[in-house]
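Student: Next input, structure requested:
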Amino acid sequence: MDPSVYQFLSNRPDLVNFIRYNPIWYRYLTRDPNSLREMEKEAKIFYGKTLPQRMERFGNNVQMLNMLAKFAGAMKD
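Tutor: All right, here's what the predicted structure looks like:
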């Protein structure tokens, strides 16, 4: 692996874990060190850090709170 890629990954433990779960990226980065940005995008999707994924999680949390509020209201009666 290219030393600059190795140095970059040593500073990002989340990317190292992503590569361990997806070992095909070892091959991609060895052959083309410039695909590092593409791997970062894939890691964001893998960890759920993209904006649509965060919005969906937030919506699910709001829905859960709404359901709990309705349940608490029903228990009072």
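Student: Tell me where this protein has helices.
Tutor: 3-10, 13-21, 24-31, 36-47, 51-76 (DSSP state H).
Student: Can you list the low-confidence ranges for this protein?
Tutor: 77 (pLDDT under 70).
Student: circling back to that earlier point, mind putting the helices of the chain into JSON lines with mean neighbour count?
Tutor: Glycine gets a C-beta too; all of them are placed from N, C-alpha and C. Formatted as JSON lines, the helices of the chain follow (neighbours: other Cβ atoms under 10 Å):
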{"stretch": "helix 3-10", "mean neighbour count": "12"}
{"stretch": "helix 13-21", "mean neighbour count": "14"}
{"stretch": "helix 24-31", "mean neighbour count": "13"}
{"stretch": "helix 36-47", "mean neighbour count": "14"}
{"stretch": "helix 51-76", "mean neighbour count": "10"}
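Student: and the residue positioned nearest the centre of the chain, what is it in contact with?
Tutor: Compute the mean C-alpha point of the chain, and by Cα atoms, centre = their mean the closest residue is Tyr47, 1.5 Å away. Shown in contact with Tyr47 (Cβ atoms under 8 Å, 6 or more residues apart in numbering): 14, 18.
Student: how near is it to Gln63?
Tutor: Distance, Tyr47 to Gln63, by Cβ to Cβ, to the nearest Å: 22 Å.
Student: Now do the contacts for Asn60.
Tutor: No contacts exist for Asn60 under Cβ under 8 Å, 6+ apart.
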